[in-house]
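J.: model this:
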Amino acid sequence: MTTLSVRGINENVKKQFEKAVVQKYGKKHTVMGLEVEKALVFYLTNGKSVDPGDLEMEPQAPVAPVEKKPAHTHNHSGDDRGNITMFGKAFVDNFGDNEQVSFKDIRKLATVTQGVIDERSIQKRVNYLVDLDYIKPINQNVFEVKIEKSGF
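T.: Numbering: from 1, shown residues only. Okay, the predicted model is just below:
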């Protein structure tokens, strides 16, 4: 983890970003950095630059408030299965033509496509790809991509 301190940000962009974070999480503390990181990864992955003056700064319709749960609430329901299935498709779309893929590439895909940053959830996705026989470990950080190539 590191700290990012920047100057010269358009005040309206900053306020809109903070507002979006609060609408999503119901708070700024502890989640602002996560959302900035996701925005930076998205920018680096997609390579698109936008002039802040071109952004729509009109107020958006309010989002329903986030239900606040006690800090200790944590469950392991099956809600993640659909996300993992979608991750399999994203993997095929992004790396299906590759011969090898690194753990770092899989982590980046999980972060960019699903906002997953914790190692346990990333490892869950790696295990899913191995179980589907999409990848085979070569070593701890590199995997062989085993997706059958179509003739298209």
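
J.: show me where pLDDT drops low in this protein?
T.: 47-82, 149-152 (pLDDT under 70).

J.: can I see the domain layout of it?
T.: 11-52, 80-145 (automatic domain parsing).

J.: got the residue ranges for the helices in this structure?
T.: 11-25, 32-46, 80-95, 103-114, 119-131 (DSSP state H).

J.: Just want the angle from the longest one to helix 119-131.
T.: Spelled out, it's helix 80-95. When axes from the mean of the first three to the mean of the last three C-alpha atoms, to 10 degrees is applied, the directions of helix 80-95 and helix 119-131 differ by 70 degrees.

J.: before we move on, what about the second one?
T.: Between helix 32-46 and helix 119-131, the angle comes out at 40 degrees (the same axes, to 10 degrees).

J.: and if you look at the fourth one?
T.: What separates the directions of helix 103-114 and helix 119-131 is an angle of 100 degrees, with the same axes, to 10 degrees.

J.: With adjacent residues omitted, what lies nearest to residue 45?
T.: residue 112 (5.3 Å; C-beta to C-beta, 6 or more residues apart in numbering). No exception for glycine: its C-beta is placed from N, CA and C like everyone else's.

J.: what sits against that neighbour?
T.: Residue 112 makes contact with 38, 41-42, 45 under the criterion C-beta atoms under 8 Å, 6 or more residues apart in numbering.

J.: Let's have these in JSON lines, adding distance to residue 133.
T.: JSON lines is the format used below for the contacts of residue 112 (distance: C-beta to C-beta, whole Å):
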{"residue": "38", "distance to residue 133": "30"}
{"residue": "41", "distance to residue 133": "28"}
{"residue": "42", "distance to residue 133": "30"}
{"residue": "45", "distance to residue 133": "27"}
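
J.: Pick out the most distant pair among these.
T.: Greatest spacing in the contacts of residue 112, by C-beta to C-beta: 38 and 45 (10.4 Å).

J.: quick one on the thing from earlier: and the helices of the chain as a markdown table, adding distance to residue 137?
T.: Putting the helices of the chain into a markdown table (distance: least, C-beta to C-beta, whole Å) gives the following:
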| stretch | distance to residue 137 |
| --- | --- |
| helix 11-25 | 35 |
| helix 32-46 | 25 |
| helix 80-95 | 15 |
| helix 103-114 | 9 |
| helix 119-131 | 7 |
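
J.: Kind regards, and thank you for your time.
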